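>>> Kindly return the folded structure for what I paste below:
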Amino acid sequence: MKKTSRRQFLEIAGAAAGAALITRNLPAWSMNKPVGLTIAPPLSVFNYSQVQLLDGPMREQFDHNHDLFLHLDEDALLKPFRQREGMPAPGPNMGGWYDNDKDFSPPDNFHSFIPGHSFGQYLSGLARAYAVTGSKPTQEKIRRLVRGFGETVEPQGKFYVDYHLPAYTYDKTSVGLIDAHEFAQDPDALDVHWRATQAALPYLPDKALSRTEQRKRPHNNVADTWDETYTLPENFFLAYQRSGDSRYRDLAIRFIEEDYFGPLADGQNVLPGEHAYSHVNAFSSAMQSYLMLGQEKYLRAATNGFRMVQEQSYATGGWGPDEAFVVPGKGLLEASLGTTHASFETVCGAYGHFKITRYLLRVTKDSRYGDSMERVLYNTIAGANPIMADGTSFYYADYNYNAKKVHYRDKWPCCSGTFPQLTADYGISSYYKSPDGIYVNLFLPSKVSWSQNNTSCTLTQTTQYPSANTTQFDFSLAHPETFTVYVRIPEWAGAKSSISVNGRRTDNELTPGKFLAMQRTWKDGDRVEVEFEMTTRLEAIDEQYPNRVALMHGPIALFGVGDIPSRITRNQLLAATRVSPSGEDWLVRTDNGSLTLRPFASIMSESYRLYQTVES
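Prediction:
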């Protein structure tokens, strides 16, 4: 790509505005020469438009975020970029982390921490929402934002001068422009992306730096040591795939953190002490490195690293107390229950968790990655308070002995950027396409449409899962077609779980922790009914503290609310019963009174406790 001046960009943008629109169903390579992967995963994601969430809590989250960001003031969104380039900057300040000011002073004052930091994620969330809905006002807003942002970008611009986290913000800008191009067919986004890359490169190091390495370098502010260059390869590889420009591939390779991935590939746990979310996010860079370069060590790094995260996860699937990984085998996860209220960086953590599990599931076809995704979905992000119009956001899940749901102190933090991306991704996380059929991964009210051997197929899933233990798939086909439907059987599923087709129970053996394959000639009107036996069990916080346990029912962690009895036995906790068939509350009867428990998504402002201390 050649360098484009701001004046040339405006001329190009003006001409492109009148071009014919490209349907949102077309993949990115319909607009550019595709760049093939060295490794082709056996499973692929559907286009966003092929999966529609139906009425339910996940659809409510998606609709809320889509509406919120669709109506944000565009001048406010662009203001930090215009200000830092010395341009006229009308409109209100956003507030919080997003503003461009000089009063940032950690740890007391995080106002103006990272000016404009999540602009790219807001753009990405809107682009994905457009791909889901086809909303023309959404597409038009995306194009105005890309054009407005493009006016501020010069390869020798001022934006990153004295900027604390250049790689962090550039990476988010990158994904926003990539998504604006691919999912909203913005004709200018790739040109703006290259110019934004040129603007950021002078402020990036020669290679990915750990936070330890950054602390050893001269810096003016402690925040200068928090940058995340090690997450860059994923989006550089994606930019290469979208554009065909080999310079992005070279940049991706330059920022692969070999000092991190090498030990992980060899099975060495180098996670303790590292920033949790950003290093889980780096696993996605390892997966892109594997897919693009074909080197198995990067797959080993991602699979080993994710396993090590799971080995130090809470019962909810969350991880990283105080945003850091702990040393395993020392009882430090249990210790966090009494020392912090920042147990899991919920929204960002769930976004990174979903992303890496999608990669790993597509490559391995291992249903346990779907189990992990499901656990995080229902026990963390499903209970996140919605973002408010002024940027007040939910950040941490609290697993302290005296826990409460509270909003984060600063407006527009990082989690306000990942939330709209994550909720737009619920659909593509639910189903996967294989050459011989379709994989059903998440049990959400939804509808997926695809072509199987040139036959138009639709699967509509109706469910109240996990409040209910059943889900139903109804098929609509243009004519009969033979293919395989793979259904995830969760690891916790009991022996009484069953699947019926058109009212008749199948003879297929259901193996917990595996996908069940159902191959047949499917016809219009076929129905599959799934019933899971939801087992109730206790999960200890650490091996060192076997009596500090969370009560699990199916995929759901149950939190104690109100007064906690002074003495609870294992058998009493395991004997918990639902208060009513349609309600979410559970009751435990003890010798010292009753204990009420409920799922995280049903908790409002009341105090709660995840882990109970039990006696044998």
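>>> Name the spans of the stretch 301-450 of the chain whose pLDDT lies under the cut-off.
Within the stretch 301-450 of the chain, no stretch has pLDDT under 70.
>>> Name the surrounding residues that touch stretch 561-569.
Stretch 561-569 has contacts (C-beta atoms under 8 Å, 6 or more residues apart in numbering) with 588, 590-598, 603, 606-609, 612-616. For every residue, glycine as well, the C-beta is placed using N, CA and C.
>>> swap the cut-off to 7 Å and go again
For stretch 561-569, contacts defined as C-beta atoms under 7 Å, 6 or more residues apart in numbering pick out 588, 590-593, 595-598, 603, 606-609, 612, 614-616.
>>> Stretch 521-536 now?
Residues from elsewhere that reach stretch 521-536 (C-beta under 7 Å, 6+ apart): 469-477, 480-483, 485, 487, 490, 492-502, 552-554, 574, 576.
>>> Run the chain-centre distance for it.
Taking C-alpha atoms, centre = their mean, to the nearest Å, one finds the center of stretch 521-536 at 28 Å from the center of the full chain.
>>> mean confidence for that stretch?
The pLDDT scores in stretch 521-536 average 98.
>>> Same question for it: list its buried residues.
For stretch 521-536, the neighbour count (16 or more other C-beta atoms under 10 Å) marks W522, D526, V528, E529, V530, E531, F532, M534, T535, T536 as buried.
>>> what does stretch 608-616 give?
Y608, R609, L610, Y611, Q612, V614.
>>> tell me the secondary structure for the closest residue to Y608 other than its chain neighbours?
Take Y608 and drop its neighbours on the chain: the residue closest to it by C-beta to C-beta, 6 or more residues apart in numbering is F559, 4.3 Å away. On the three-state scheme (DSSP: H, G, I helix; E, B strand; the rest coil), F559 is labelled strand.
>>> can you give me the strands for the stretch 351-500 of the chain?
For the stretch 351-500 of the chain, the strands defined by DSSP state E, counting those that start in this stretch cover 396-397, 431-434, 437-440, 446-452, 455-463, 470-477, 481-489, 498-501.
>>> and among those, the most buried is which?
Ranked by average neighbour count under the criterion mean count of other C-beta atoms under 10 Å, those are headed by strand 396-397 at a mean of 26.
>>> hang on, the earlier thing: adding secondary structure, write the buried residues of stretch 608-616 out as TSV.
Output for the buried residues of stretch 608-616, formatted as TSV (three-state DSSP):
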residue	secondary structure
Y608	strand
R609	strand
L610	coil
Y611	coil
Q612	strand
V614	coil
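>>> Can you tell me which of those residues is closest to K514?
Proximity of the buried residues of stretch 608-616 to K514 (C-beta to C-beta) peaks at L610, which lies at 28.7 Å.
>>> list the contacts for that closest one?
Y314, A315, T316, Y399, A550, A557, F559.
>>> Closest one of those to V192?
Of all the contacts of L610, V192 sits closest to T316, with 39.1 Å by C-beta to C-beta.
>>> The closest residue to that closest one other than its chain neighbours - how many residues pack around it?
Of all residues not flanking T316 in the chain, N379 sits nearest, at 3.7 Å (C-beta to C-beta, 6+ apart). Burial of N379 is recorded as 30 neighbouring residues (other C-beta atoms under 10 Å).
>>> do you know how far N379 is from S602?
According to C-beta to C-beta, to the nearest Å, N379 and S602 sit 11 Å apart.
>>> mind listing what K79 touches?
Residues in contact with K79 (C-beta under 7 Å, 6+ apart) are A89, G91, N93.
>>> Sorry, slip of the keys, the one I care about is F475.
With contact set as C-beta under 7 Å, 6+ apart, F475 has these partners: C457, L459, W522, D524, D526.
>>> was I right about the first one contacting L477?
Yes: with contacts counted by C-beta atoms under 7 Å, C457 reaches L477, the gap being 5.2 Å.
>>> for the stretch 401-550 of the chain, what spans make up the helices?
For the stretch 401-550 of the chain, the helices defined by DSSP state H, counting those that start in this stretch occupy 415-424, 426-430.
>>> Name the residues that touch the first one?
So that's helix 415-424. Identification of contacts with helix 415-424 by C-beta under 7 Å, 6+ apart yields 61-62, 65, 69, 118, 121-122, 124-125, 128-129, 132, 172, 347-348, 350-351, 354, 381, 387, 391, 393-395.
>>> measure the nearest residue to W492 once chain neighbours are set aside to Y351 for me?
Once flanking residues are discounted, W492 sits nearest to T535: 5.2 Å by C-beta to C-beta, 6+ apart. Using C-beta to C-beta, one obtains 29 Å as the distance from T535 to Y351.
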